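Q: Give me coordinates for this.
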Amino acid sequence: MHGAVKPKEANGLMRHAFQCWLATILVGCSVSTNPASEPAVTGTHAGEPSAATKDAGEKVSLVDARAHVSDADAEADAGRDVYLLPPKWSGGSPDVIESGNEAVSLAIDESHVFWQGTGGSLFACPLAGCGTAAPVLLSSLIGPSAGLQTLSASNGVAVFVSELGVDLTTLTYADPDASTALTVTGVGSSIGAVVTDATNLYVSSAVETDAGGYNLTIASCPLAGPCSTPVVLVSGSSFGAMFVADGELYFATYDEQPTLSAVSVHGGASRTVCSESPDGGYVLSDVVSLVVAGGYAYFTSEDDPSSIYQCPTSGMGSPSLYLHDYAPYALATDGQDLYWTNYVPGTGTVATCAVGPKCTSPFTVADNQDSPYAIAASPSSVFWTTPGAIYRADR
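A: As a prediction, this is how the structure comes out:
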């Protein structure tokens with residue numbers, strides 16, 4: 001685990017560490033061991049703490065909006081935040097596809113689900129689950145113990161950050177034991193995030209220069225490697241979460257003027273997707289998770305841990321509210337719907353809503369989840385992790 005950090009606090013440590021991977025190198029970054037399980041909230045609707053109790057400052061309790069709440073229950077909930085669960089989705093109930101493993105990152109391709117354990121080892125199971133078989137150990141290379149985007153997968157190839165965050169390794173599921181895993185070289189002395197499409201991988205890194213500074217880049221390599229000379233797509237900024245869609249790589253920057261930007265996967269000039277409005281706060285300075293679908297870029301932010309924001313991918317806008325919720329953290333999409341984990345110990349949830357400028361009808365995929373963390377989605381299923389299991393729910 002993480003030394004003296006309690007199990008329910010460990011994912012909060014991961015949550016902050018991903019955003020601080022570069023800040024730690026350049027200016028230092030404090031990592032809290034007390035994750036925000038009681039987010040600030042505003043407004044009132046299904047899927048959000050009620051206005052009458054949102055300032056009580058006590059642990060949020062879950063009350064199913066579809067069930068009758070008796071007078072006794074209402075009295076018992078007096079003085080506490082009451083979270084009204086959105087209606088259950090029309091899909092299936094959660095199935096455990098693997099238990100006894102704590103995953104700090106999660107990825108799926110057409111056939112398998114991949115995850116990294118807290119020690120960095122890489123495991124996989126068929127999308128249908130491991131059944132009675134043990135998960136396949138693909139690699140025991142030591143990787144980072146934090147970060148949502150330290151693992152990606154496509155077409156049977158898994159790409160993951162290894163060697164304590166300084167190497168990027170690719171291997172094929174079909175032949176993981178043949179010592180043919182390819183270490184992608186030249187991408188930097190510290191790796192921040194990695195994402196993939198069908199043919200390439202994209203990695204953000206910080207390379208120490210001879211002058212003692214750092215060269216900050218996002219570069220691409222062939223998915224199967226090798227890659228002695230990565231193609232630099234953009235450089236010069238402090239990069240955060242990334243997502244590749246529709247022939248462009250979307251990325252968050254943490255400069256004096258934080259932005260969401262995009263660049264063609266073939267290179268060229270980058271463009272601004274959205275930037276902070278003068279009175280819009282600082283939600284772009286602390287992007288946790290980023291996905292793109294249906295003409296919008298969606299993201300969560302440490303600056304507002306009870307909201308999901310969107311920006312039109314057409315560009316030059318400012319973030320707009322997509323949804324207030326319990327404690328949205330990691331995002332995933334199948335291209336039609338958005339999925340997210342509400343990261344709360346014991347009473348966390350997994351939720352979904354149609355893509356678009358604003359969520360008006362959220363649905364609950366799973367409730368009573370203990371600190372749901374990473375999430376991935378396909379057209380047929382959604383997958384997520386908790387400290388003790390990996391789950392799947394079918395549409």
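Q: which ones are touching Gln116?
A: Applying CB atoms under 8 Å, 6 or more residues apart in numbering to Gln116 gives the contacts Ala103, Val104, Ser105, Leu122, Phe123, Gly143, Thr150, Leu151, Phe160. To be clear about C-beta, it is placed using only N, CA and C from the backbone, and glycine gets the same treatment.
Q: For it, grab phi and psi.
A: Note on Gln116: its backbone torsions stand at phi -110, psi 130 [degrees, to the nearest 10].
Q: Skip the chain neighbours and tell me the closest residue to it.
A: Distances taken as CB to CB, 6 or more residues apart in numbering place Ser105 nearest to Gln116, at 4.7 Å, with adjacent residues excluded.
Q: Surely that neighbour touches Ala153?
A: No. No contact is recorded between Ser105 and Ala153 when judged using CB atoms under 8 Å, the distance being 10.4 Å.
Q: Could you point out which of the contacts of Gln116 is nearest to Gly225?
A: Using CB to CB, Phe160 comes nearest to Gly225 of the contacts of Gln116, at 12.4 Å.
Q: and the gap between the residue nearest to the closest one when sequence neighbours are not counted and Ile108?
A: Leaving aside its sequence neighbours, Phe160 sits nearest to Leu151 (CB to CB, 6+ apart; 4.6 Å). Taken as CB to CB, to the nearest Å, the spacing of Leu151 relative to Ile108 amounts to 10 Å.
Q: again, but for Gly147
A: For Gly147 relative to Ile108 (CB to CB), the value is 17 Å.
Q: The two: which has the busier surroundings?
A: Neighbour count, other CB atoms under 10 Å: between Gly147 and Ile108, Gly147 has more, with 25 against 22.
Q: which residues in the stretch 51-200 of the chain form helices?
A: All helices of the stretch 51-200 of the chain, identified by DSSP state H, counting those that start in this stretch, fall at 71-76.
Q: Next, count neighbours for Leu84.
A: Neighbour count of Leu84, defined by other CB under 10 Å: 18.
Q: one step back: overlap in contacts, Leu151 and Ile108.
A: With CB under 8 Å, 6+ apart, Leu151 and Ile108 have common neighbours Phe114.
Q: So which residue is dead centre in the chain?
A: Ala330 (3.7 Å; CA atoms, centre = their mean).
Q: strands paired with the host helix or strand of that one, and their directions?
A: Using DSSP states H and E, Ala330 sits in strand 328-333. Take DSSP bridges as the rule and strand 328-333 pairs in its sheet with strand 337-342 (antiparallel).
Q: tell me how far the strand it pairs with is from the chain's mean position?
A: Distance of strand 337-342 from its chain centroid, counting by CA atoms, centre = their mean, to the nearest Å, is 10 Å.
Q: Repeat that for stretch 223-243.
A: For stretch 223-243, the distance to the chain centre is 19 Å (CA atoms, centre = their mean).
Q: got it, and stretch 88-98?
A: Taking CA atoms, centre = their mean, one finds stretch 88-98 lying 20 Å from the centre of the chain it belongs to.
Q: for stretch 304-313, same thing?
A: Counting by CA atoms, centre = their mean, stretch 304-313 comes out at 13 Å from the chain centroid.
Q: same question, stretch 193-213
A: On the basis of CA atoms, centre = their mean, stretch 193-213 sits 18 Å off its chain's mean C-alpha point.
Q: What are the buried residues along that stretch?
A: Neighbour counts over stretch 193-213 (16 or more other CB atoms under 10 Å) mark 193-197, 200-207 as buried.
Q: do stretch 308-322 as well
A: Result for stretch 308-322 [16+ other CB under 10 Å]: buried residues Ile308, Tyr309, Gln310, Cys311, Thr313, Gly317, Pro319, Leu321, Tyr322.
Q: Could you do stretch 128-146 as well?
A: Quick answer for stretch 128-146 (16+ other CB under 10 Å): Gly129, Cys130, Pro135, Val136, Leu138, Ser139, Leu141, Gly143, Pro144, Ser145, Ala146.
Q: export the residues you listed to CSV and tack on distance to Glu276?
A: Shown next, in CSV, are the buried residues of stretch 128-146 (distance: CB to CB, whole Å):
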residue, distance to Glu276
Gly129, 43
Cys130, 44
Pro135, 42
Val136, 44
Leu138, 40
Ser139, 40
Leu141, 39
Gly143, 33
Pro144, 29
Ser145, 31
Ala146, 26
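Q: nearest to His112, of these?
A: Val136 (8.5 Å).
Q: May I have the beta-bridge partners of the closest one?
A: Bridge pairing for Val136 (DSSP bridges) gives the partners Ala124.
Q: Over to Pro222?
A: The partner list for Pro222 in beta bridges (DSSP bridges) reads Asn200.
Q: Let me have the contacts of Gln116 in CSV, adding pLDDT and distance to Arg395 as columns.
A: Shown next, in CSV, are the contacts of Gln116 (pLDDT from 0 to 100; distance: CB to CB, whole Å):
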residue, pLDDT, distance to Arg395
Ala103, 88, 22
Val104, 86, 26
Ser105, 91, 23
Leu122, 90, 27
Phe123, 91, 25
Gly143, 74, 31
Thr150, 89, 27
Leu151, 92, 24
Phe160, 88, 27
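Q: which of these are buried?
A: Neighbour counting by 16+ other CB under 10 Å classes Ala103, Val104, Ser105, Leu122, Phe123, Gly143, Thr150, Leu151, Phe160 among those as buried.
Q: In a markdown table: these, plus distance to Ser220.
A: Formatted as a markdown table, the buried ones among the contacts of Gln116 follow (distance: CB to CB, whole Å):
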| residue | distance to Ser220 |
| --- | --- |
| Ala103 | 26 |
| Val104 | 24 |
| Ser105 | 20 |
| Leu122 | 22 |
| Phe123 | 26 |
| Gly143 | 21 |
| Thr150 | 17 |
| Leu151 | 17 |
| Phe160 | 17 |
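Q: So which bits of stretch 274-290 are buried?
A: Counting neighbours by 16+ other CB under 10 Å, one finds that the buried residues in stretch 274-290 are Cys274, Ser275, Glu276, Val283, Leu284, Ser285, Asp286, Val287, Val288, Ser289, Leu290.
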